[in-house]
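K.L.:
Give me coordinates for this.
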Amino acid sequence: MEWVGDARLAAGPEATWYLEAAFTPGAHLGSVYDDPTTPVVVTGVEKLTTIRVPSGRLVVDAPWDDDDVWSYEKGLPTRPPRELAVSIPPGVYRVEIAWTAGPYEFFGEHFDGVDCAAIRLCINDEPVAGWEMGLGVDEDIDQLQPGDEPRFFSDANVGCFADAGAWSTLSAPFRTFVDGVPAPRDTERLADGWERVRDESQQADLVTFGAESGGVVWLGRTKAGDVAAIVVTSGMAGAKA
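P.N.:
Next up, the predicted model:
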């Protein structure tokens, strides 16, 4: 029997087009702001790193926010992370970036306009038959209003994938500030300033990525309903079915 998703979570035509085009090198994702003659083109898909998720429970959220830091320093409980309601098979997964370029000129200076279109966690290589928004464990589908896009928020424009079972350890390096300024942290540096944290005791990881003000999490489902990919987009609209 083929998977049939809930229409309240289903990606609309615009979102579906974007999610598929963003990982297709050469695809056009629109045009440069104020210059309709210059397209924004997908230049490639890059493997950033891998992530270990031994619990099968996945957090997709900001690794910290201002309230968390204050609570952490005072020894108070911090808010729970946004763990996805869907689980995935325990394993090691690729984290990929879709890059775009849209050259532009600003006050006589030329820029290449390189940007990240989306981040993808590859669960398996089966074709995606449909896309839906990924709810958090504490979110109720019956509370969604037409046009709602459940998402995570980020004060610092940073998101992450992380194993939920090891969240306390994995997120700890991001919760140390000195006079309101992030203190240097012992993390593995990846491309473009992104980071990875490893918890060897649990064989689990956290990987950060850029997420302007946060992002919407999309689940790519196979015909059988299995999750083949988890994609985060920050700036696009069009979730409405």
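K.L.:
Give me the next element, helix or strand, following the helix or strand containing residue 51.
P.N.:
Following DSSP states H and E, one finds residue 51 within strand 35-53. For strand 35-53, the succeeding helix or strand toward the C-terminus, using DSSP H and E, is strand 58-61.
K.L.:
Give the rounded mean pLDDT of that following strand.
P.N.:
Across strand 58-61, the average pLDDT comes to 97.
K.L.:
Check stretch 43-54 too.
P.N.:
The model assigns stretch 43-54 a mean pLDDT of 95.
K.L.:
Give me the packing partners of the strand holding residue 51, helices and strands only.
P.N.:
In this structure, strand 35-53 packs against strand 28-32, strand 91-101, strand 115-122, strand 158-163, strand 195-199, strand 204-210, with contacts taken as 3 or more Cβ pairs under 8 Å, 6 or more residues apart in numbering; DSSP states H and E. (Glycine included, C-beta is placed from N, CA and C.)
K.L.:
switch to 10 Å and redo it
P.N.:
strand 28-32, strand 91-101, strand 104-106, strand 115-122, strand 158-163, strand 195-199, strand 204-210 (3 or more Cβ pairs under 10 Å, 6 or more residues apart in numbering; DSSP states H and E).
K.L.:
now it, how far from the chain's geometric center?
P.N.:
With Cα atoms, centre = their mean, to the nearest Å as the basis, strand 35-53 stands 13 Å off its chain's centre.
K.L.:
and the gap between residue 193 and residue 170?
P.N.:
18 Å (Cβ to Cβ, to the nearest Å).
K.L.:
What of residue 32?
P.N.:
Distance, residue 32 to residue 170, using Cβ to Cβ: 37 Å.
K.L.:
Mind checking which of those two has more residues around it?
P.N.:
residue 170 (26 against 16; other Cβ atoms under 10 Å).
K.L.:
any idea which helix or strand carries that one?
P.N.:
Applying DSSP H and E as the criterion places residue 170 in helix 167-171.
K.L.:
Just the CA trace of that helix, in CSV.
P.N.:
Extracted in CSV, the C-alpha atoms of helix 167-171 (Å, rounded to 0.1, in the frame of the first residue of the first chain):
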residue,chain,number,x,y,z
TRP,A,167,21.4,16.3,23.6
SER,A,168,22.6,17.5,27.0
THR,A,169,26.2,16.6,26.3
LEU,A,170,26.2,17.6,22.6
SER,A,171,24.7,21.1,23.2
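K.L.:
Okay, now the unreliable bits of this protein?
P.N.:
1, 66-78, 177-184, 235-241 (pLDDT under 70).
K.L.:
Looking at it, which residue reaches furthest from the middle?
P.N.:
Here the chain reaches farthest from its C-alpha mean at residue 108, the gap being 34.2 Å by Cα atoms, centre = their mean.
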